[in-house]
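Asks: output the structure for:
(chains A and B)
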Amino acid sequence: MRAALILALLLLNGCDQNMVQQPRYDDFERSPLSANGSAMGAPPEGAVAQDAVARAAQELRPPMSAALVARGRERYDIYCSMCHGVDGRGDGIVPARGFPRPPSYLEPRLVAAPTAHFYNVITHGYGVMYAYADRVSPRDRWAIAAYIRALQTAGGADAR
Amino acid sequence: MICLSAVALGVAGWARVRSPYETEQGWVQHQPVPFSHKHHVADAGIDCRYCHTSVETSANAGLPATHICMTCHSQLWTGAEVLAPVRESMATGRPLVWHRVSQVPDYVYFNHSIHVDRGVACVECHGRIDTMPLTQRAKPFQMQFCIECHQNPAPHLRPPDKVTQMEPLPWSEADKRRYGARVMAAHSIDPKTLVNCEICHR
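Replies: Now for the predicted structure:
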């Protein structure tokens, strides 16, 4: 009797929690089905997203607004300021550690560049700068481009 | 005698379930690269969202793809032995296999985006990640931990633009409660419904 009670308590303590890892693919889990071994394998070459039309619409340049610049500032500080510096002069912490220093946005070439230039550089990268298309959505790229214009103006350049 | 052993076993069982052995609180997992959040967050000042890109829009915060690591490390520490697995992953296209430090069971449907949007800071659940040379689980991540906040979320809320800030806000307890109460009113959040089972379990 005593042994049975103690055994029952011991068994209770060791309850098997087999619902913790359920037989399904969660994001970032391993999968033998995909070529790169991840449940998040890339779609096959040439696949078209169901919302491709809506996505394409997001790539159009939104009208300039204070909200767009504010969003651009927030995104710039997250993704760009590490290299380009919070004021856009190219003296962020990453160049300070030895990464090739990016140009200042106040350079005449970049003041004269069309706003779409910044959008395209974020999308495709430029020189040693990697593409940010995987991290920054098209709308946010336009927002950052708008904020770069604000940085240029704040730096004394005649940007438009 | 039976009673005594039953009590002792019960206490031992309870202590085990609450102990770091079970909760993994403070545990470090073996990783393919000894990644330091302290170096990247505190020393370099990189925002959490630079790498955890989907934390605002998805249930998952997102583990960075190798491409994100290599944005800097294509130029910095290019010959470092510790980064060899990152370069290999870039060359082969096979993702790095990181081991989860913070994880909830499959029957918990946690969603990062709603927590970040309402102003629950990263530090609330992940602790001072900016002080961790090797990432460890800061909180127990058991139901009790979730429930404590869901019962009284107000003091845990801050402005959404401060969610990735690691340092505490210079707010008094009264400030926290006042701000939290305002957010809860604005979003019609009722703590009574926040502890319904189906909030987290589906």
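Asks: show me which residues of the lengthiest helix in chain A are buried.
Replies: Counting by DSSP state H, the longest helix found in chain A is helix A:138-154. For helix A:138-154, the buried set under the neighbour-count rule, 16 or more other Cβ atoms under 10 Å in any protein chain shown, comprises A:138-152. All C-beta atoms are positioned from the backbone trio N, CA, C, and that covers glycine.
Asks: what is the nearest of these to residue A:107?
Replies: For residue A:107, the closest of the buried residues of helix A:138-154 turns out to be residue A:152, at 9.6 Å, with distances computed as Cβ to Cβ.
Asks: can you list the residues of chain A near chain B?
Replies: Contact residues, chain A versus chain B (Cβ under 8 Å from any Cβ of the partner chain): A:1-2, A:5-6, A:9-10, A:12-13, A:17, A:19-22, A:24, A:26-28, A:30, A:36-38, A:74, A:77-79, A:82, A:93-94, A:97-100, A:128, A:130, A:134-135.
Asks: circling back to that earlier point, so which other helices or strands are in contact with the longest helix of chain A?
Replies: Counting contacts by 3 or more Cβ pairs under 8 Å, 6 or more residues apart in numbering or on different chains; DSSP states H and E, helix A:138-154 is packed against helix A:52-58, helix A:66-79, helix A:115-124.
Asks: quick one: mean pLDDT for it?
Replies: The average of the pLDDT scores along helix A:138-154 is 97.
Asks: report the distance from it to the chain centre.
Replies: What separates the centre of helix A:138-154 from the centre of its chain is 16 Å, taken as Cα atoms, centre = their mean, to the nearest Å.
Asks: separation between residue B:40 and residue B:128?
Replies: According to Cβ to Cβ, to the nearest Å, residue B:40 stands 14 Å off from residue B:128.
Asks: could you identify the helix or strand that succeeds the worst-scoring helix or strand of chain B on mean pLDDT?
Replies: Among the helices and strands of chain B, helix B:20-23 carries the lowest confidence by mean pLDDT, DSSP states H and E, at a mean of 80. Sequence-wise, the next helix or strand downstream of helix B:20-23 (DSSP states H and E) is helix B:37.
Asks: show residues contacting that following helix.
Replies: The contact list for helix B:37, computed with Cβ atoms under 8 Å, 6 or more residues apart in numbering or on different chains, reads B:129, B:130, B:132, B:133, B:135.
Asks: go again with 7 Å.
Replies: B:129, B:130, B:132, B:135 (Cβ atoms under 7 Å, 6 or more residues apart in numbering or on different chains).
Asks: quick check: phi and psi on the first one?
Replies: Right, the one you point to is residue B:129. Main-chain torsions, residue B:129, degrees, to the nearest 10: phi -60, psi -20.
Asks: what sits against the residue nearest the centre of chain B?
Replies: Using Cα atoms, centre = their mean, the residue of chain B that lies closest to the mean C-alpha position is residue B:126, 3.5 Å off. Residues counted as contacts of residue B:126 (Cβ under 7 Å, 6+ apart) are B:102, B:138.
Asks: go again using 8 Å as the cut-off
Replies: Residue B:126 touches B:102, B:138, B:139, counting by Cβ under 8 Å, 6+ apart.
Asks: gap between it and residue A:51?
Replies: Residue B:126 is 32 Å from residue A:51, by Cβ to Cβ.
Asks: also residue A:123?
Replies: Distance of residue A:123 to residue A:51, computed by Cβ to Cβ: 19 Å.
Asks: of those two, which one has the most company?
Replies: Taking neighbours as other Cβ atoms under 10 Å in any protein chain shown, residue A:123 and residue A:51 compare with residue A:123 leading, 16 against 10.
Asks: not counting sequence-adjacent ones, nearest residue to the more buried one?
Replies: Counting by Cβ to Cβ, 6 or more residues apart in numbering or on different chains, residue A:133 is the residue found nearest to residue A:123 once chain neighbours are left out, at 4.9 Å.
Asks: so that neighbour touches residue A:120, yeah?
Replies: No - judged on Cβ atoms under 8 Å, residue A:133 makes no contact with residue A:120 at a distance of 10.4 Å.
Asks: give me the common contacts of those two.
Replies: The overlap between the contact sets of residue A:133 and residue A:120 (Cβ under 8 Å, 6+ apart) is empty.
Asks: in chain A, which helix or strand is least confident?
Replies: Taking mean pLDDT, DSSP H and E as the measure, the helix or strand of chain A with the lowest value is helix A:2-13, at a mean of 68.
Asks: do whichever strand or helix holds residue B:3 and chain A meet?
Replies: Assigned by DSSP H and E, residue B:3 belongs to helix B:2-18. Yes - Helix B:2-18 is in contact with chain A by Cβ under 8 Å from any Cβ, via B:2, B:5, B:6, B:9, B:10, B:12, B:13, B:16.
Asks: thanks a lot, catch you later.
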